[in-house]
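Q: Provide a 3D model corresponding to the input given below.
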Amino acid sequence: MLLFDKADVYDDIDSGIITERQKRIKILNDKGKDEASIHIECYTGGRSENIYVVQAQTINLVNGNRRSGTVN
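A: Numbering: from 1, shown residues only. The predicted structure is shown next:
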């Protein structure tokens, strides 16, 4: 289930166009695990594209307590 999907795009004089995207999903059952695998789309259009930072986090409820972890 998609909870949140936001993209900010701005122009940087040194780096060109910068896109920052945040996406949050909720996995309710085993079928939802497919949504956890993401694909990063790039438009090359004759120029190079660079991906500098990718961050991911898991949040689980264990016995009613929230547990956060990072994804490598």
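Q: now the strands for the chain?
A: Assignment of strands within the chain using DSSP state E yields the ranges 2-12, 16-25, 57-62, 65-70.
Q: pLDDT of the second one, averaged?
A: What strand 16-25 shows for mean pLDDT is 86.
Q: next one: the third one
A: Confidence over strand 57-62 (mean pLDDT, whole number) is 86.
Q: outside of that strand, which residues touch it?
A: 66-71 (Cβ atoms under 8 Å, 6 or more residues apart in numbering). To be clear about C-beta, it is placed using only N, CA and C from the backbone, and glycine gets the same treatment.
Q: 10 Å - rerun?
A: With Cβ atoms under 10 Å, 6 or more residues apart in numbering as the test, strand 57-62 has contacts from 24, 26-27, 36, 66-71.
Q: who's in contact with the residue nearest to Q22 when sequence neighbours are not counted?
A: Leaving out its chain neighbours, the residue that sits closest to Q22 by Cβ to Cβ, 6 or more residues apart in numbering is K6, at 4.9 Å. Taking Cβ under 10 Å, 6+ apart, we find K6 in contact with 20-24.
Q: ramachandran angles for the residue in the chain sticking out farthest from the centre?
A: Of all residues in the chain, N63 has its C-alpha farthest from the mean position, at 26.7 Å, by Cα atoms, centre = their mean. Backbone torsions for N63, taken as degrees, to the nearest 10, come to phi 50, psi 40.
Q: distance check, it against Q57.
A: 20 Å (Cβ to Cβ, to the nearest Å).
Q: one more: G69?
A: G69 sits at a distance of 7 Å from Q57 (criterion: Cβ to Cβ).
Q: next one: L3
A: 13 Å.
Q: need the overlap of contacts for these two.
A: Both L3 and Q57 are in contact with R24, where contact means Cβ under 10 Å, 6+ apart.
Q: pLDDT score for D8?
A: In this prediction, D8 carries a pLDDT score of 93.
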